[in-house]
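Engineer: Build me a model from this:
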Amino acid sequence: PNRAAVSSAGMPLSTARWIKEIHSNVLEKDALVEIGDSQSQRGNTLFPKFDLRLVDDLVLTKTTDASILAIDFKTGNIRWPFFRKGMPYAFAEQSFSTDFENAASTISPEIQDRVWGSSAYGQMSCDMERVYAVFDHGRETRSRGMQFETSNVLVGLSIPSEGTLLWTVGGEDGGSEPWLRNAYFLGPPLPYEGDLYCLVEAQGQMQLVVLDDETGRRLWSQQLAHSTFPPIAADSLRRSQALSPAISDGMLLCPTGLGALVAVDLFDRSLAWATYYGSNTPASTGEFIARSTLDNASDYNPMSIRWHDPTMLAQDGVVVVTPLELNRVICCDIFSGERRFAMLNRNHARYIAGIADGYIVAVGDRHLAWFRIADGKQILGPDYPDGRVVVGRGVWEGNELLLPLSGQAVVRVGTHHGSGEVLDMAQVD
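Structural biologist: Purely as a prediction, here's the structure:
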């Protein structure tokens, strides 16, 4: 699967074709807008963490009340919904104050985390037949006065059958795969040639688990790491990250959220290499034991400015990683794990857009930046026009990027290293 695919996008028209709300009610929407505006005035532009998936003429998205909507691309009509518990969570569990004057102070912190903090919540994966999504509400426990989800569930839904639930794995009993009883899925799976490649934590071990896409049953697994106290259930930062493997050049590349990247040989299923983020030398896979502390685990604020998500981009013989736990750029050789250059600070970059002409292209708050793969040399592009800032993820159009900017604008910018020239700008409603 090519995660750096080039789309056939184009500059938008000034008016929207359709708008579909993914909020559970008007109060929630107004409160989120108020919070977002308040953060922007403080110089902190919040990016929404929800991702869309396109399958033929369907737009797939999660909603703030933990549902999934399949929306007709042309008309904006809902073709089918999926409710994890048979009804929207907003009706089943969420409660909001009727104090409209202080909506921002009364909205659920969980909702704020879903929208701006947790990339794990809003992401899904899919192929042409099925959509795969991770949901909470598996098994809960309490520790030190705090309640944690100690397991979650992965579901497979049929796209041709309009969201019919095909299988569920994980949770207290394992569902369709008892081997995954009490497992915690770190993110949505990677569908590849009929198999689903999942990163799972169970009983203090981090595993690569491969499932059959039709049944959810386990095909094989490979231990990646031991993780010590606290478990992911008590680590808010790790839980907020959507971690999925990537495949390139016969290598399965597995992020951990524990300060290390592990590669598995796809053909013989053996550990190929592992590298620590704090060392320039690839570590022996036999010695990989990652640790975190409860103090660090509790230091999580969904409003903090960090990498938008834990990107892992594999292309042109390298893998680029932007771990949330480190806020740096890491570039390694796919086959050996050797660093191409010393780790670089994030500075004002928000996410990695892709790799082009031997450079890593990063999107920053006010301008593009390029990191040369050969030596890590950084080049900064010009500021976006009129003092605007980027407000979300862009899409590629050939060798150019379409970026959403503040003030309801979309720009097309050149990505040749050091350019960043604004080639076109459109104002949208």
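Engineer: so who does residue 301 touch?
Structural biologist: Residue 301 sits next to residue 117 when contact means Cβ atoms under 8 Å, 6 or more residues apart in numbering. C-beta here means a position set from N, CA and C on the backbone, and glycine is covered the same way.
Engineer: before we move on, what about the one 5 residues further on?
Structural biologist: Residue 306 sits next to 324, 327, 346 when contact means Cβ under 8 Å, 6+ apart.
Engineer: Show me where the stretch 201-350 of the chain has its strands.
Structural biologist: For the stretch 201-350 of the chain, applying DSSP state E, counting those that start in this stretch gives strands covering 205-212, 218-227, 246-248, 251-255, 260-265, 271-276, 289-290, 312-315, 318-321, 328-333, 344-345, 349-356.
Engineer: remind me, longest helix of this protein?
Structural biologist: Ranked by residue count, the top helix of the chain under DSSP state H comes out as helix 26-41.
Engineer: Rounded mean pLDDT for it, please.
Structural biologist: For helix 26-41, mean pLDDT rounds to 85.
Engineer: What of stretch 60-75?
Structural biologist: Mean per-residue pLDDT for stretch 60-75: 91.
Engineer: buried set for it?
Structural biologist: Within stretch 60-75, the residues scored as buried using 16 or more other Cβ atoms under 10 Å are 60-71.
Engineer: taking the residues you listed one by one, which sit in helices?
Structural biologist: Counted as lying in helices by DSSP H, out of the buried residues of stretch 60-75, is not a single one.
Engineer: Strands of the stretch 1-150 of the chain, residue ranges please.
Structural biologist: Applying DSSP E, counting those that start in this stretch to the stretch 1-150 of the chain gives strands spanning 53-55, 58-62, 67-72, 78-83, 125-126, 130-143, 146-158.
Engineer: coming back round to it: list buried members of the contacts of residue 306 by neighbour count.
Structural biologist: Buried residues within the contacts of residue 306, defined by neighbour count using 16+ other Cβ under 10 Å: 324, 346.
Engineer: Check the contacts of residue 306 against residue 197 and report the nearest one.
Structural biologist: residue 324 (20.9 Å; Cβ to Cβ).
Engineer: Using CSV, lay out the strands of the stretch 201-350 of the chain together with mean pLDDT.
Structural biologist: What follows is those, written out as CSV (pLDDT from 0 to 100):
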stretch, mean pLDDT
strand 205-212, 93
strand 218-227, 88
strand 246-248, 94
strand 251-255, 94
strand 260-265, 93
strand 271-276, 92
strand 289-290, 43
strand 312-315, 91
strand 318-321, 94
strand 328-333, 92
strand 344-345, 86
strand 349-356, 92
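Engineer: wait, which of those is closest to residue 77?
Structural biologist: Nearest to residue 77, of all the strands of the stretch 201-350 of the chain, is strand 349-356, at 31.2 Å by Cβ to Cβ.
Engineer: Tell me which helix or strand comes right after that closest one, heading toward the C-terminus.
Structural biologist: strand 359-364 (DSSP states H and E).
Engineer: which residues touch that next one?
Structural biologist: For strand 359-364, contacts defined as Cβ under 8 Å, 6+ apart pick out 320, 329, 331, 347-355, 368-373, 379, 390, 393-394, 401, 403, 415, 417.
Engineer: Helix or strand next in line after it, which one?
Structural biologist: Once the chain leaves strand 359-364, the next helix or strand it forms, by DSSP H and E, is strand 368-372.
Engineer: Quick one: work out the angle between that following strand and strand 328-333.
Structural biologist: Per axes from the mean of the first three to the mean of the last three Cα atoms, to 10 degrees, the angle that strand 368-372 makes with strand 328-333 is 40 degrees.
Engineer: Residue 320: how many residues sit nearby?
Structural biologist: When neighbours are defined as other Cβ atoms under 10 Å, residue 320 has 22 of them.
Engineer: Check residue 158 too.
Structural biologist: Residue 158: 13 neighbours (other Cβ under 10 Å).
Engineer: who's it bridged to?
Structural biologist: residue 130, residue 164 (DSSP bridges).
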